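> give me a 3D structure for the following:
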Amino acid sequence: MTIGRLHYEGGGDWYANPSSLANLLDAIRERTRLPVAETELVVTLADDKLWSVPYLHMTGHGNVRFSDQDLVTLRRWLRQGGFLHVSDNYGMDASIRRELARLFPDQPLVEVALDHPVYNLVYDFPQGIPKIHEHDRKPAQGFGIFLDDRLAVYYDYQTDLGDGWEDPQVHRDPPDKHEAALRMGVNLFAYAVGFGG
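Numbering: from 1, shown residues only. Model (predicted):
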């Protein structure tokens, strides 16, 4: 199994953080018993390959726009057990909140409680999602959409988690930030595939 990188429409740079998912997959393979591939799979919401990935990651700095058919497909994929992780790379907040409201109009984004398994399944994050990069001097937050008590969409905001997964020389993050980002990513993936649950 692997992580799908969502190639979305709207003009945003869906391809941002090119080394991030390979590094996260390496960390998952090394730190858990989960059998994961070495490379990500780029998918669109019209792709049959979508149905083979349990964890869909999207990031970028710009606009996101889902077609009506995209919304139907994504809704169905999520209801069948898929997990969508949105990592705001600074600049997609307004558009992704708009699109998630279209996706599930009756299921608003809510802050994920600190006792949720995404914060303690493999590694403990008693303070919640770690802060990797500073932009607006706002705290890092993790928001979610729940379907029948299952966290189906996780949105990391004001943290740049995907940046933290990149090769260390890209952003020159301190080792502890890189490690914290990878640990949080391992937790998210482990939760998405039901590891330990």
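
> quick one: residue 123 and residue 129, what's the gap?
Separation of residue 123 from residue 129 (C-beta to C-beta, to the nearest Å): 12 Å. Any C-beta I mention is one placed from the backbone N, CA and C, and that applies to glycine too.

> neighbour-wise, which of these two wins?
residue 129 (26 against 16; other C-beta atoms under 10 Å).

> so that one, which of the three states?
coil (DSSP: H, G, I helix; E, B strand; the rest coil).

> helix or strand for the nearest residue to residue 185 once chain neighbours are set aside, which one?
Spatial nearest neighbour of residue 185, chain neighbours left out: residue 24 (4.5 Å); criterion: C-beta to C-beta, 6 or more residues apart in numbering. Assigned by DSSP states H and E, residue 24 belongs to helix 20-31.

> what average pLDDT does that helix get?
Averaging pLDDT along helix 20-31 yields 96.

> for this protein, just list every one of the strands.
3-6, 41-43, 55-60, 83-88, 110-111, 141-147, 150-157 (DSSP state E).

> nearest to residue 17, of those?
Across those, residue 17 has its closest neighbour in strand 55-60 (5.8 Å, C-beta to C-beta).

> listing partners with orientation, what would you give for the closest one?
Taking DSSP bridges as the criterion, strand 55-60 sits next to strand 3-6 (parallel), strand 83-88 (parallel) in its sheet.

> and that strand, how far from the chain's centre?
Distance of strand 55-60 from the chain centroid (C-alpha atoms, centre = their mean, to the nearest Å) equals 5 Å.

> orientation of it relative to helix 20-31 in degrees?
Using axes from the mean of the first three to the mean of the last three C-alpha atoms, to 10 degrees, the interaxial angle of strand 55-60 with respect to helix 20-31 works out to 140 degrees.

> what's next to the helix or strand of the chain with the lowest mean pLDDT, contact-wise?
The weakest-scoring helix or strand in the chain, judged by mean pLDDT, DSSP states H and E, is helix 168-171 (a mean of 78). Helix 168-171 is contacted by residues 19, 133, 163, 164, 175, 178 when judged by C-beta atoms under 8 Å, 6 or more residues apart in numbering.

> show me which of these are buried.
Buried by 16 or more other C-beta atoms under 10 Å: 133, 163, 164, 178, out of the contacts of helix 168-171.

> what sits closest to the third one if chain neighbours are left out?
For residue 164, the nearest residue in space outside its immediate sequence neighbours is residue 181; the separation is 2.5 Å by C-beta to C-beta, 6+ apart.

> give me the pLDDT for the most centrally placed residue in the chain.
Closest to where the C-alpha atoms of the chain average out (C-alpha atoms, centre = their mean) is residue 85, at 2.3 Å. With respect to pLDDT, residue 85 scores 98.
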